Structure formats: structure tokens, C-alpha cells
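Peer 1: Got a predicted structure here, sequence first:
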Number of protein chains: 2
Amino acid sequence: MLELNFSNMMGEVIGEKGISEREIEGLKTAVFDIDKRIKSRERPELAFIDLLEQDVSEIKKIAGDIRGNFDNFVILGIGGSALGPRAIIDALSPFHNLDKKPRVFIYDNVDPRTLDRILSLTDIRKTAINVITKSGSTAETIASFMIFWDNVEKSGADHSKIFIATTDPEKGNLRKIAKEKGLRTFSIPPGVGGRYSVLCPVGLLPAEVIGINTEEMLKGASDIHKRCSDPEVWKNPAYLFGVLLYLMNREEKRTINVIVPYADGLKPLAEWFCQLWAESLGKPGAGLTPYPSLGTTDQHSQLQLWMEGPEDKVIIFIRVNDYAVDINIPKVFQDMDGLNYLGGHTLSELIKTEQESTELALARIKRPNMTIGIPGIDAYHMGQLFHFFELATAFTGFLYGINPFNQPGVEEGKNFTYGMMGRRGYETKREDVEKAREKKACWRV
Amino acid sequence: MLELNFSNMMGEVIGEKGISEREIEGLKTAVFDIDKRIKSRERPELAFIDLLEQDVSEIKKIAGDIRGNFDNFVILGIGGSALGPRAIIDALSPFHNLDKKPRVFIYDNVDPRTLDRILSLTDIRKTAINVITKSGSTAETIASFMIFWDNVEKSGADHSKIFIATTDPEKGNLRKIAKEKGLRTFSIPPGVGGRYSVLCPVGLLPAEVIGINTEEMLKGASDIHKRCSDPEVWKNPAYLFGVLLYLMNREEKRTINVIVPYADGLKPLAEWFCQLWAESLGKPGAGLTPYPSLGTTDQHSQLQLWMEGPEDKVIIFIRVNDYAVDINIPKVFQDMDGLNYLGGHTLSELIKTEQESTELALARIKRPNMTIGIPGIDAYHMGQLFHFFELATAFTGFLYGINPFNQPGVEEGKNFTYGMMGRRGYETKREDVEKAREKKACWRV
């Protein structure tokens, strides 16, 4: 079971820059209240909590078809629709495309160089394509969908055998196309937003395609949910996670939350978390900046800044207790001082020691940090991590008194793009861009 | 040639949160003075500037041998030693390992799961191994080097044919081993630190191994260096880059510098920049936090936070003018409002439009941003980007009055690791860790 160790957040350990028990106690009533709101599903977007008991038989069936009949599996999606699948694949099947079938390509941009390479690496007739967009009209996803659609057309293959649409159960252009063309579909349940969707078909279909048992994943999520259902903040790791970062932000103005898994395979999980945290909480009145990192690697990149830079950060480690495989460091070069101490240890000893040492180095100079410990990297614990962070994010949004489910700030940029691309109704936006261009030209070197 | 457009940093465009010409003028004398210090190579670490004229014939020769005789090329290094090579490979040979030889594996951690996979994917006798550490004793790099050394031993292959050591020309354990065992070596010139080393054999050997002409890369660096040699701040993009971020930090307390290339292949370049900027400037008295991002992808992840979150960020776009390849968005689904506007455009139109739209959306609400434009993604312009950022970083360190070449903050964590791993002389550090463990156990859930 996932565990939260928050000693190095507390005043008793790191002194006056830490949090006191009394401060946490002071939020107890607020937490009780939020707990009630979550349990009553006060907002429809809390539906992500109800994904944990879903039936995955249809997902398993279609995944089996893809595994059996296709060499490649392409995911078209952006934001949560891409980050969730990537987090699963990199954690549970590292270097997947080098020796596994079907190979998986996640195209989550509109970069022509990337798509050109994907097209040249794949035979379209042997490629299953999962297009994922809740609204059914995300510009980036739809643009690439249109390109693939046309390529399938030209290849003579059958669209209905190649495409799988994951979208709203009723609404939107993608749903309409799927109905008309007889595509296989999965639904993103009403209320479940893109960044809270990894444990619905958005993440579960790609997981099953690479051979992950999603029942295990949902079981992990379900178990951590029970653990995080206690209205008492001291006994609830998800609520405590939010309360601690909230207090560090309020009292100490620590606005940056660095997340540092000590495992290469969890780097995309850190990026998935950052999207969840940033889009949910990046609002007036809140505004924590999540920062993705990787141990031990980024000890040689960011640690200097965490140690001696401005005191605006909380470091959140993810510690893995058992890597399942291990490698001995052999006793070579034993006559060399400065190398020989490593021989006889194992890599997992070294990586775990470095995590603990970094934690302690920060605590020694009173820089707050906490550690999420997981027993291992498998489907069950990935499910735990996903659900833990989703629940903690929704809770923290409520604690700040903001809506953790919308993203109004991204609209204006989209509107300018619509204007420039000639979408009807956005003509004035085009003029805005053109005017800005003239102004911009003045300042450059 | 790389170009800096900084209109959206200026008060004339974004109002009172912007910078005035007078503020920049106010730093003119300081900039003149720093320019002199850089040109006189006041500090030995400025030697990175003198890499631009180097002879690459030996690099080409050994790279040719690797290309001709090995299926795999493994890089052992961490921090700058890994980020530089990765930035080059992902930018110039995306999805390299899927259809190119030799495949390249960068092992920049001590994660046993990753190494286990690399070992199972490679035949050690057909694998060239480039071990990169300036000091010759970086724990992570040496641990993996010891493992590979032993594996080569057991395979019966010849160490001197497989290993290439890139290290200090005289000092350190790795140099000593290389001499004793007759390994081929490259030198990291004295003065050149890890994070300023991409344009020495650290980055150039991997580049040549994947078939990149490093003379082009050095030519690009050399050309941008000339462009950035003007002591007059208004005419020097590297100095102006530093001055603008310095002023935004001083007056407006903007501590976070987000770097957003609009190209998948430049994401590792953003991470390389973040290491350079964070370790160089993350010091008392400075402390800018660089943040890696990716357009358009992270418009669906971080843009909400940039738009409505705290006003602590400057967004730095990298815009690509010509992607070299392009893909048409076909006119399919033309009866569907909300999709049909995309047909007839190209992907590169869309990605460039989105970049410009995001820039404008930020400027509209007075959030500062600037744009580094590059004509294309090739060896020549990668050389420009690398050298531009290195020069800008050194300059900015001087502007803050700090040393941009050291990283004293990382030592304490290393010492605890040495203690726990039993390195002689670090016994008291071990006791520190053990004492801390007892204390930590109290606060967890």
C-alpha cells in the first residue's frame, strides 16, 4: 500500500519553516466538510471516483483483437488523453517498442517531423488507431485523425476495423463520425474530464493492449480509495498531501511542488501528475506550480537549485521499495580509492540510498520535503498512484475554494488559432493576430 | 540565424508589467564590463567558448569505427554528460532506435529496471560503450561502468575495443584506468564543466556516431558566437536574453523561466537548458527556476497555469520556421462544422499558428514572453542553440554576481550516500543518516 511520510514537512523536524500539528488541526473542520462534498459527489466531475468498479471485459476483448491482428497501435490524443497511456506504458513496459508487439506510438502534437517518422515506420494496414478526445473536436487530435483517416482510405483498408474512438457517450463530432462509419467506440463517462480519465478506457485500453491486467490496476485504485476515505485528516494520505502543500503555500509562500520519482519508468507519471495539478489548481486564488523531476538523474540537474535557490519549493519524492530486479555492482578496480566502495553493493541499494541522502540533505538545511513510498512498480501500484493523485488534486482544489475541473484560461489561445485557421465565427480573432504581428516586429535582435 | 523577438517583454506592448528601454539602458555599463570579463576569459571555465574551432578528425575516425562494427552504442554519464547527447539524438534522429544502427542507449541513472532491459536488448560483444565523467569518479556513472566492465570481461570480449572513455585529460580514476587498460579516450578540456561540454567530445562523438556532421554544428555555434560578441546589449541576443530575465526577476519577482520549444524533438534540448540554467544560477543571490515544456502538447497541460496562475513566470518560446517536412490535413468530414476548418491547411501551419496564438493570448493579459526563432532543426542550428544558451547562462551568472560554474549545493547529499555505501572517511555521515531514520518514522500515514 502507498504510504506518505511527511516528517520532513513538520516543525518538529525542520524547525520554524515546518508545519505544526496545530496548523493541521486548524483545518480539520474544513477537511470534514470537503470530505462530505466529495462523498455526496457534489459536483458531477467527481464521477472519476466511480470508475473503480467498472467492467473491463469489452476493453479486454478489443485489446485482444489489437494484440492479435496488428503490428502497431497508434494513440491520437493530447493532454490527459496521452499522458495517462504514456505513464502506464513507460512504467510497466519500458523500451516497449524495441522488442514487443504491437509497438505503441502516442502522437500528442501536431509536429510534422514526428508524424512523418511514425508514418514511415508503420504499415497503415497493420496499425490500429485509437483516437481519444472527450469533446470530439480537439484541434490537434482531430487534425491528426483526419490525416490518418485519409491514409487508411487510400490504403484500401477498412476504417471500421482500424479505428477505435474513445469519446463522449453521446455528444460531439467524433461520436457522430463513429456512428456513421461504424467505428468501435469506448465512452468517457459523463463528468469525467480528460485529466481525470486514466482509469477509464482512455488509459485502460492501451494498458490491455500491452498486456497489463487492468483489473489489478483498478483493484489498486479501489484499495487506496478506501484508505483515503477517512474524513479524519491525520488518517487520510490524500487529504494530508493536499493540506501539507496548502499550508506550505500559505505560510511559507512555497509555490513550486517538485515531484521526483526514483525510477526512470515513472518520469511520465510525474508529467501526468503535473498536468493534473497544474490545470486543476492553476487558477486565481490558488496557483501551485508542479515540477516534474527524476531521481537520481536530476540530482545532477536540479538539486543545486533546490538546495541553494529560493525557498519557494516543496520536494515530493516517490520512493520504490522493491524494483523487482536488481544488479550487483561487481568488485572490480578494488585497488582504487574513490571507486572501490561501490563494489559488493547493488544498484537498488545505491538508488535507494541516494534518495534517502537527498531527502536528508534537504531536511538538514530546513527545506521541506515528503516521500510517497510504494512497494513496487506494477499495475496494482500504478492504479494506487493514479487514484491517489486524482483524489488529492480534487480535494486540494476544494480546499482553495476553486473549481479543480475546468480550464478557462486556455480558451483565448484556441480562439486565435481558430481565427487564423479560418474557422467560421472567429474572423475578429484573426484581425487581432494580424494587428499584433505588426506591433511585434519592432523588438528583435 | 537564431533570432530573439522580445516585444512581449516590453512595457510598450504589455504595459507596466513590462520592461522599459531605460531599464535596459541602465545595465549597459554592467554589460560592457561583463563582456570584457568574458572576452578576457577571466575565469578558466569560460574555456567552453574556445571549443568552436576544434579539430574533429579523431572523433570522426572513432565514430566511423563504431558505426561500422557495432550494433549498439551505450552512453554512461549523468547530468550534462547525458543531456547533451540526448538533445542531439532526439532533435536530429527522432525514433532513432526503431530503424537505425547502431542503436543508442543513454543510461543516466542507477535504476536496475532500466539497466536490466538494456542488458537484455543488447549483445555486449556488439556494443560500444562510451563512459563519460569529467572527474572520473561520479558514483552513478562509475557504478554502471563497473557492471559493464565485468560483463565484457565475462563475455571474453576485449575491453580496449569496446570502451571509450571521455574524461579529464590528466586527472581522475577513469583516466588512470584508461591508461592502464589501453582504452581509447577523449578529453574534456580543462575548465570545461559538464553542463558546458556538449560541444566537446561529450556531445560530438555521439553526434558523429548517429551520422551528424559535427563540423556543421560547430560552424553554427561559431556563427552565433560572432553574433553574440557585440558588447552593446541591444545588439547582442545572448546578453539581452539574460538582461531581460534578470530585470523580470528583479522588478516583477518572476522567478520561473518556462522554455517551450514547438517541436517534439527539442524537448530534451529544453531539459538540457534547464540543467544548465538551474545548476549555474541556482545560488544564493540568484535562483531562477527554469521549467521544461513542449508546444503544442503542454498547452493542454501547463497553459492554464501560465494564464491564470501566479504571475511568477516568463515564457520563452522556441519557434521553428521550417520543419523541413510537412503534411497536408486533407479535406475530409467537410460537412462537419467544428472540424472542416482544418482541411486544406498543413500541420506546420497549425503548429506555428498555435505558437503565435499562445504568445498573443499571454501578451493580451500582460504576461511576459519572448520567442527564440530558428530557421530549422539541423546540426547547424542545434550548434547555435547550444552555444547561445551556454553564453547567455555564463553572462547571466556574472550579471547576478555569482559563480555560474560550480554546484556546491549537491555535495551534502553525495556525502550521505558515500557514508551509507561505506566509503572510507565518511563514517560520521552514516551515523547522521541512521539518526535521521529514527526521527522520520514518527510522521507517516
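Peer 2: Done, it's in.
Peer 1: so where does the closest residue to A:A436 other than its chain neighbours fall, helix or strand?
Peer 2: The spatially closest residue to A:A436, leaving aside those adjacent along the chain, is B:L360, at 5.0 Å (C-beta to C-beta, 6 or more residues apart in numbering or on different chains). The way it works is simple: take the backbone N, C-alpha and C, and place the C-beta from them, glycine included. Secondary structure assignment for B:L360, by DSSP states H and E: helix B:347-364.
Peer 1: Packing partners of that helix?
Peer 2: Packing partners of helix B:347-364 (3 or more C-beta pairs under 8 Å, 6 or more residues apart in numbering or on different chains; DSSP states H and E): helix A:112-121, helix A:139-155, helix A:411-421, helix A:427-440, helix B:303-308, strand B:313-322, strand B:369-376.
Peer 1: now for the ones you listed, which one comes closest to B:V258?
Peer 2: Among these, strand B:313-322 comes nearest to B:V258, with 4.9 Å by C-beta to C-beta.
Peer 1: partners of that closest one in the sheet?
Peer 2: Using DSSP bridges, the strands paired with strand B:313-322 are strand B:256-261 (parallel), strand B:369-376 (parallel).
Peer 1: quick one: the first one to helix B:347-364, angle?
Peer 2: In other words, strand B:256-261. Here the directions of strand B:256-261 and helix B:347-364 differ by 160 degrees (axes from the mean of the first three to the mean of the last three C-alpha atoms, to 10 degrees).
Peer 1: Using PDB, list the CA coordinates for strand B:256-261.
Peer 2: What follows is strand B:256-261, C-alpha atoms only, in PDB (Å, rounded to 0.1, in the frame of the first residue of the first chain):
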ATOM      1  CA  ILE B 256      10.300  30.800 -13.200                       C
ATOM      2  CA  ASN B 257      11.600  30.700 -16.700                       C
ATOM      3  CA  VAL B 258       9.500  28.300 -18.800                       C
ATOM      4  CA  ILE B 259      11.100  27.200 -22.000                       C
ATOM      5  CA  VAL B 260       8.700  25.900 -24.700                       C
ATOM      6  CA  PRO B 261      10.000  24.600 -28.000                       C
END
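Peer 1: Low-confidence bits of chain A, can you list those?
Peer 2: A:441 (pLDDT under 70).
Peer 1: in the host helix or strand of A:N249, what counts as buried?
Peer 2: Using DSSP H and E, A:N249 falls within helix A:237-252. Under the neighbour-count criterion of 16 or more other C-beta atoms under 10 Å in any protein chain shown, helix A:237-252 has A:237-249, A:252 buried.
Peer 1: which one among those residues gets closest to A:E427?
Peer 2: For the buried residues of helix A:237-252, the nearest to A:E427 is A:N249 (42.1 Å; C-beta to C-beta).
Peer 1: what about the closest one, distance to A:M370?
Peer 2: Look at A:N249 and A:M370: by C-beta to C-beta, to the nearest Å, they are 14 Å apart.
Peer 1: swap in A:L385?
Peer 2: Distance from A:L385 to A:M370, by C-beta to C-beta: 15 Å.
Peer 1: who does A:V74 bridge with?
Peer 2: Assigned bridge partners for A:V74, using DSSP bridges, are A:F105, A:I129.
Peer 1: The closest residue to A:I66 other than its chain neighbours: neighbour count?
Peer 2: Closest residue to A:I66 apart from its sequence neighbours, by C-beta to C-beta, 6+ apart: A:A128 at 4.6 Å. Other residues near A:A128 come to 24 when the count uses other C-beta atoms under 10 Å in any protein chain shown.
Peer 1: and what of the one 10 residues further on?
Peer 2: When counting by other C-beta under 10 Å, one arrives at 25 neighbours for A:T138.
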